[in-house]
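**Q** need a structure here:
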Amino acid sequence: MKVTLKKAFSIIDGRLSTEIGDVYEMLNYIFDDNFMTHQLPTAMNRLKELNPNWFSGMVDVLNDVKKTNNTNDFGELIKIIDKSFPAYEFQLGKISSEFSFFDGIIKQK
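**A** From the prediction side, this is the model:
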């Protein structure tokens with residue numbers, strides 16, 4: 001699944017840069033699951049903990065944009081991404097782990 005930098009911003013940074021449905025779509029794809037709203041923070045935290053190479057690469061790109069433009073202001077970053085990186089895409093990976101999510105708690109399968 002390919003996503004734009006603006007769409008990925010939500011799972012990289014944690015601030016909602018797109019529709020919440022996009023967050024569900026990305027996390028459900030990554031974990032091959034069907035998350036409920038209260039499980040999203042746990043899934044995002046787990047993604048950050050596992051930090052697969054494809055994810056850390058996305059984080060590096062966003063951090064470079066922040067550093068190059070000397071800002072962490074959400075509004076400014078979204079304007080910069082819309083103007084300079086509208087078609088910049090990432091390939092999301094899958095996380096096949098021995099973990100499942102239930103009621104926001106990670107349980108070993």
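**Q** in this structure, which spans are helices?
**A** Ranges of helices within the chain are 5-13, 20-31, 40-50, 53-68, 74-84, based on DSSP state H.
**Q** for Ser10, what are its contacts?
**A** Leu16, Ser17, Thr18, Asp22, Val23, Met26 (C-beta atoms under 8 Å, 6 or more residues apart in numbering). Every C-beta, even on glycine, is put in place using the N, C-alpha and C of the backbone.
**Q** For burial, what's the neighbour tally of the fourth one?
**A** This points to Asp22. 18 (other C-beta atoms under 10 Å).
**Q** you'd agree it is up against Phe9?
**A** No: counting by C-beta atoms under 8 Å, Asp22 sits too far from Phe9 to count as a contact (10.1 Å).
**Q** now Lys67: how far from Asn28?
**A** Remark: distance between Lys67 and Asn28 (C-beta to C-beta, to the nearest Å) = 31 Å.
**Q** repeat for Val59
**A** 20 Å.
**Q** Likewise for Glu89?
**A** Using C-beta to C-beta, we find Glu89 at a distance of 19 Å from Asn28.
**Q** likewise Leu16?
**A** Taking C-beta to C-beta, one finds Leu16 at 16 Å from Asn28.
**Q** Over to Met58?
**A** 17 Å.
**Q** Looking at the two, which one has more neighbours?
**A** Neighbour comparison, Met58 and Asn28: the larger count goes to Met58, with 21 against 14 (by other C-beta under 10 Å).
**Q** doesn't Glu89 make contact with that one?
**A** No: taking contacts as C-beta under 8 Å, Met58 lies outside contact range of Glu89: 10.4 Å.
**Q** for Met58, what are its contacts?
**A** Ala8, Ile12, Phe90.
**Q** where does this structure dip in pLDDT?
**A** In the predicted model, the chain carries pLDDT under 70 at residues 97-109.
**Q** One more pass at 50, please.
**A** 103, 108-109 (pLDDT under 50).
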